[in-house]
Structure formats: structure tokens, C-alpha cells
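Asker: Sharing a sequence plus its predicted fold:
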Amino acid sequence: MIPLFALTASRNVDRFVDTQLRTFRIKGSTKIFRGSFVGLTSAGFARALVAGDPFCGLAYEEVDNSTGADGAKVCRVYADMSDFEHALAGVSQSDVGRPCFASADDTLSFVGVANSYIGVVQDYVSANKCIVRIDPLRRLVKTIVHAVENLSANADIAARAIHCFEMEGWIIAARVVNQATSPAGIDASNTCVVALANTAGAVATETFDATPAFPAANTKASLGAITNPHCPAGDVVTLTVTTGTTADPGPFLVEVDYV
């Protein structure tokens with residue numbers, strides 16, 4: 001019989017009342033300025049954001065660890081969904097709700113490829129200036145997941161609907177995830193093309209051959225840069241898969257992130 005309780009005695013669990021500020025250990029030989037976007041290295045240390053870093057917040061304070069080792073100093077950052085006024089080239093009233101990305105610790109952009117997702121435009125202020133709602137925990141990001149059956153070589157999918165937007169959305173990334181099967185027969189002469197589209201046109205397209213190769217079993221691969229990311233209410237996203245004579249990707253998932 002499974003016991004009703006795992007604990008055998010009461011315990012104290014620390015509760016942090018302030019959930020707005022969080023502390024991160026800083027990467028060695030790094031300085032973070034107050035107000036900068038902060039990213040995380042693959043080892044989990046904070047640094048002034050470099051394009052592509054996972055975004056962990058906006059620096060509350062300036063901390064200089066330029067002569068210290070990894071973790072020698074810490075920095076407090078705003079790590080919840082907070083609103084900040086920031087420059088964003090080309091922003092307009094119609095961009096309210098649109099996701100934005102950072103290409104450096106002080107630069108916002110609408111270009112997602114190779115950059116770091118920061119949050120969404122919460123309000124328009126004036127030319128090239130907006131209120132951005134930062135989203136370090138990616139709470140606003142949702143993911144469409146569509147399972148593609150085990151296609152045999154030279155079997156195609158023609159414009160299959162995979163999602164309908166009941167409310168306005170913005171696509172920020174797309175990828176394929178192989179499901180435990182090694183792809184076969186995909187090369188320069190027998191490609192596997194995976195494409196997404198909406199009513200505005202192409203959203204993302206990747207042609208897999210030798211470079212880039214279709215992902216190995218239980219791995220993923222990006223579908224590249226996102227074009228026509230805006231999906232108004234009622235818009236339908238379609239998937240097209242085109243394979244060469246010997247191209248056999250096996251079963252895989254198509255995942256689409258949007259806010």
C-alpha cells in the first residue's frame with residue numbers, strides 16, 4: 001500500500017515574497033550595466049545578453065565581474081513580466097502585441113532568427129519607441145505541435161491545415177523534431193522540403209539534404225527564418241512536405257511557437 005504522506009515531520013520552506021527581482025551568478029570576465037538585457041550562458045551564468053542567449057531579465061543594477069571568476073559576483077535582474085519603455089526601430093501602433101527580440105544587451109528588433117526572444121510590444125509611445133512587456137519565463141509563448149505520419153519515400157503532404165488562430169497571433173519560431181527513426185535516402189538529389197504557410201504567404205521553409213541534414217533520431221532542426229509571422233484571427237497555418245524519390249524522413253513532429 002502506498003503511504004499517504006512522504007513527510008514524517010513538519011518542515012519550514014523558505015518563501016520569497018519579492019518575485020520581481022531574482023539574483024543570478026555572473027559569468028567571469030563580465031560586466032553587466034544597469035538596464036541591460038541579461039542572457040544566460042550554456043553553463044547557467046548571467047552576462048550582458050549576446051544574440052541567441054536565453055533571456056533571463058533586465059538588469060536592476062550594474063555589477064562588474066570583469067576581473068572575477070564564474071560566479072564570483074551576482075546581479076539582480078527584473079525577472080517577471082514587467083513593462084519598460086525602450087527604443088525599437090520601426091515600431092508603430094499596429095505592432096502592439098507583436099513579439100520582439102534582442103540582438104544585443106541594448107537593442108530590440110522584430111527579427112527573431114539568431115536573436116533572443118524578449119517579450120511583446122505592450123504599447124506604442126512614439127516613433128521608434130514603445131513599451132515592451134518582458135517575458136523571461138516565456139509565459140506568453142504557446143506551441144502548435146503536429147505529428148507527421150511515417151511518410152514513405154517520395155510521399156508528399158500538400159497544404160495540410162495544422163492550426164487555426166482563433167485570436168490574433170505572431171509566429172516566432174518553427175522546427176521539426178525526429179521521432180526515434182533515422183532518416184534515410186535524403187541527399188542533394190533527393191531532398192525533403194518542409195514548408196509552413198498562412199494566408200499572407202510562406203512562413204518558414206527548409207530544404208533538407210546533406211547540409212542541412214534532416215535531424216537524427218530524437219533531435220530537432222530549425223525551419224529557419226520566419227516570414228509573414230502575423231496571423232490574424234481566423235488565419236490557418238498549413239504544412240507542406242515534399243520528398244525526393246528515395247527521401248524517407250520517417251515520422252516527425254512539426255512545432256510552431258507563437259505569442
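Answerer: Received the coordinates, thanks.
Asker: Contact partners for Phe252?
Answerer: Val148, Val176, Val177, Asn178, Gln179, Pro215 (C-beta atoms under 8 Å, 6 or more residues apart in numbering). For every residue, glycine as well, the C-beta is placed using N, CA and C.
Asker: Go again with 10 Å.
Answerer: 146-151, 175-181, 183, 192, 194, 214-215, 220-221, 241 (C-beta atoms under 10 Å, 6 or more residues apart in numbering).
Asker: for Pro54, same thing?
Answerer: Pro54 makes contacts with Gly39, Leu40, Thr41, Ser42, Gly44, Ser116, Tyr117, Pro136, Arg138, as judged by C-beta under 10 Å, 6+ apart.
Asker: Ok, Ala127 next?
Answerer: Ala89, Gly90, Val91, Ser92.
Asker: Glu149 now?
Answerer: Taking C-beta under 10 Å, 6+ apart, one finds Ala155, Ile157, Gly250, Pro251, Phe252 in contact with Glu149.
Asker: got those residues as JSON lines, with pLDDT and distance to Ile32 columns?
Answerer: Shown next, in JSON lines, are these (pLDDT from 0 to 100; distance: C-beta to C-beta, whole Å):
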{"residue": "Ala155", "pLDDT": "92", "distance to Ile32": "51"}
{"residue": "Ile157", "pLDDT": "97", "distance to Ile32": "47"}
{"residue": "Gly250", "pLDDT": "94", "distance to Ile32": "45"}
{"residue": "Pro251", "pLDDT": "96", "distance to Ile32": "44"}
{"residue": "Phe252", "pLDDT": "97", "distance to Ile32": "40"}
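Asker: re the thing from before, buried ones from the contacts of Pro54, can you make that a ChimeraX selection?
Answerer: If you want just the buried ones from the contacts of Pro54 in ChimeraX, going by 16 or more other C-beta atoms under 10 Å, the selection is:
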select :39,40,116,117,136
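Asker: Who wins on neighbours among the contacts of Ala127?
Answerer: Counting neighbours by other C-beta atoms under 10 Å, the top entry in the contacts of Ala127 is Val91, with 24 neighbours.
Asker: From Arg22, how far off is that residue?
Answerer: Distance of Val91 to Arg22, computed by C-beta to C-beta, to the nearest Å: 28 Å.
Asker: likewise Pro232?
Answerer: Pro232 is 36 Å from Arg22, where distance means C-beta to C-beta.
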